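K.L.:
no sequence on this one, just coordinates:
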């Protein structure tokens, strides 16, 4: 004998499908962490010996191959040349990179001293920088212990 499907059975299956779908969506979507704002005054890291070599290599490669517009071809040729070079041939690039690294270390030390020494950017302002002053004041008022019911709405993209 065939079993007749009732409307209740059909709605239960639909509910099970929906709940399974929602659960899998929730498991796969995690809240994203916001990146911290980068300070434009912070010195940039120095290039490695390979990148110092590539600056010079790009110029010479462009002179030899003026019709080449592909960046990947230049990168591959530069990488192959760097691998085929002996340690003696790499010495000028390594020394230049070391010099740039020491200059970077000095700049970074002065930058860090200005940060901690009460310079133009105070470390204590970092927490409040993301919020406007009115939002900060609103948070303080809420923490003081108001007995009003509050609803938290989470918006997930």
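P.N.:
That came through, no problem. Not measured: the values here are computed from a predicted model.

K.L.:
What ranges does this structure have for its helices?
P.N.:
7-28, 49-64, 71-84, 87-116, 133-143 (DSSP state H).

K.L.:
lowest-confidence stretch among those?
P.N.:
Mean pLDDT across these is lowest at helix 133-143; the value there is a mean of 50.

K.L.:
any idea how far residue 87 is from residue 77?
P.N.:
Using CB to CB, to the nearest Å, residue 77 is found at 21 Å from residue 87. All C-beta atoms are positioned from the backbone trio N, CA, C, and that covers glycine.

K.L.:
which one of these two has more residues nearby?
P.N.:
Between residue 77 and residue 87, residue 77 has the larger neighbour count (other CB atoms under 10 Å), namely 16 against 7.

K.L.:
show me the contacts for the closest residue in space to the more buried one that isn't next to it in sequence.
P.N.:
Counting by CB to CB, 6 or more residues apart in numbering, residue 61 is the residue found nearest to residue 77 once chain neighbours are left out, at 6.2 Å. Neighbour list for residue 61: 68, 74, 77-78 [criterion: CB atoms under 8 Å, 6 or more residues apart in numbering].

K.L.:
Just the buried ones from those?
P.N.:
74, 77-78 (16 or more other CB atoms under 10 Å).

K.L.:
Could you dump these into a markdown table with distance to residue 48 added?
P.N.:
Shown next, in a markdown table, are the buried ones among the contacts of residue 61 (distance: CB to CB, whole Å):
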| residue | distance to residue 48 |
| --- | --- |
| 74 | 17 |
| 77 | 18 |
| 78 | 13 |
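
K.L.:
Which member of the contacts of residue 61 is positioned nearest residue 53?
P.N.:
If you rank the contacts of residue 61 by distance to residue 53 using CB to CB, residue 78 comes first, at 7.3 Å.
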